[in-house]
Each structure stands twice: as C-alpha cells, then as structure tokens.
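# got a predicted structure here, sequence first:
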Amino acid sequence: MMVPLIVMSARMLGLAVLPFKLVPENMLTPGAHSYNDVLPLMLARYCGPGLLGLGVTALIAGFMSGIWPATSAPSLRCGLTISTAP
C-alpha cells in the first residue's frame with residue numbers, strides 16, 4: 001500500500017531538487033531525463049560511493065524479487081516432476 005506513495009514522493013522530490021527539467025516518456029528527447037529516471041539520478045547525485053552501491057543493489061533486488069516467480073515457476077515444475085517420478 002505504501003509503494004505508490006514512496007515512488008510518487010521520490011518523483012515529486014526529484015522535481016523540486018534536481019537541477020534539470022524532467023519530462024514525460026512521450027516527450028523524451030536525446031539528453032533529457034524522464035520521470036522514471038528520478039531514483040537513479042538522485043542516487044548518483046546525492047549518495048556517496050558506499051550508499052550508491054547499496055542503493056543500486058536494492059534496486060536490482062527489487063527487480064529480481066518481482067521477476068523471480070515468472071522465471072522460476074517452469075523450472076520448479078519440471079524439477080518436481082522429475083524428482084517425484086517412480
């Protein structure tokens with residue numbers, strides 16, 4: 001329930017503090033940044049090397065936790081049928 005609030009508050013904060021203009025995806029030109037780039041841009045600008053690594057790791061972990069069930073389900077089913085076969 002809190003994820004949309006966290007994502008939207010980060011985008012609003014990015015609009016206020018980042019020194020360049022953010023645009024929607026459909027108005028994107030070369031060299032411009034979209035609203036979807038706010039989290040990586042703010043991590044790169046305001047975090048040191050240690051926190052930057054931690055933030056990138058958190059972003060990758062969030063992506064992998066969302067994609068894992070879709071990629072592991074077929075292999076899990078195949079493994080179960082092989083292991084339970086007489």
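Structure received.
# going forward, measure contacts between C-alpha atoms and count neighbours the same way
OK.
# part of a helix, is residue 11?
Yes - with DSSP: H, G, I helix; E, B strand; the rest coil as the criterion, residue 11 is part of a helix.
# for the closest residue to it other than its chain neighbours, the count of nearby residues, please.
By the measure of C-alpha to C-alpha, 6 or more residues apart in numbering, the closest residue to residue 11 outside its immediate chain neighbours is residue 38, 6.0 Å from it. Here the count is done by other C-alpha atoms under 10 Å, and residue 38 has 20 residues near it.
# quick check: residue 38 touching residue 14?
Yes - look at residue 38 against residue 14 with C-alpha atoms under 8 Å: they come within range, at 5.9 Å.
# center of this protein, which residue is that?
The residue at the geometric middle of the chain, judged as the C-alpha nearest the mean C-alpha position with C-alpha atoms, centre = their mean, is residue 59 (4.6 Å).
# would you say that one is within a strand?
No - when classified by three-state DSSP, residue 59 is found to be helix rather than part of a strand.
# and it, what pLDDT?
The predicted structure scores residue 59 at 80 on the pLDDT scale.
# just the one 5 residues further on next, same as before
Among the per-residue scores, residue 64 holds a pLDDT of 79.
# so which strand or helix has it?
Taking DSSP states H and E as the definition, one finds residue 64 inside helix 49-84.
# output the lowest mean pLDDT helix or strand found in the chain.
Taking mean pLDDT, DSSP states H and E as the measure, the helices and strands of the chain show their lowest mean at helix 49-84, namely a mean of 69.
# buried stuff in the regular element (helix or strand) spanning residue 6?
With the criterion set as DSSP H and E, the secondary-structure element containing residue 6 is helix 3-17. Of the residues in helix 3-17, those buried by neighbour count under the rule 16 or more other C-alpha atoms under 10 Å are 10, 11, 14, 15.
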